[in-house]
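Peer 1: Okay, predicted coordinates and the sequence, questions at the end:
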Amino acid sequence: MWKLPKSNNSLLLRTDFSDETAWTALCTTVQMPSAEGFQARLDCVSDTDYDGLTVEQLIALAPKNGDYTFAFIADRIALTSPEQSVLVVDLYDEPGRTFRVTPSEMWSVENNLSIANMDYCEFADSVDADGVFRGFPQV
């Protein structure tokens, strides 16, 4: 029986175990501080029990009134694409809604969602045409 780990941080769950080096590099990259000093507070969870975990299965693991309102997923795309875009799954407002985020913008998503400073939809509605959030346009 799958169970999400308890944590005071947000979760980055590894669901693809094909490339250990790519996983290690991704964990390092997503936790790097921004130029302004902001940093994602993440627990990188590498447990083969989550191998192949789907969004639907994640929703079942994380009931709406549970400990998490969103989760990051390091799937095959995150570990094999040049941009390493990580899947972000809404577990609260619209469970199962997803978008991708570049590692350099993980801090923005994590920081703002974890303190409810912004809503999930504000990021999901601001993705580029390919479904990846790369930051808000500079004005």
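Peer 2: Here it is on my side, so go on.
Peer 1: Show the contacting residues for Ala74.
Peer 2: If a contact means CB atoms under 8 Å, 6 or more residues apart in numbering, then Ala74 has Leu12, Leu13, Arg14, Thr15, Asp16, Trp23, Leu26, Cys44, Val86, Leu87 as its contacts. Any C-beta I mention is one placed from the backbone N, CA and C, and that applies to glycine too.
Peer 1: And what about the last one, helix, strand or coil?
Peer 2: Going by DSSP: H, G, I helix; E, B strand; the rest coil, the secondary structure assigned to Leu87 is strand.
Peer 1: What of the first one?
Peer 2: Here Leu12 is recorded as strand under three-state DSSP.
Peer 1: Excluding covalently adjacent residues, which one is nearest to it?
Peer 2: Phe72 (4.3 Å; CB to CB, 6 or more residues apart in numbering).
Peer 1: host element of the one you found?
Peer 2: strand 70-74 (DSSP states H and E).
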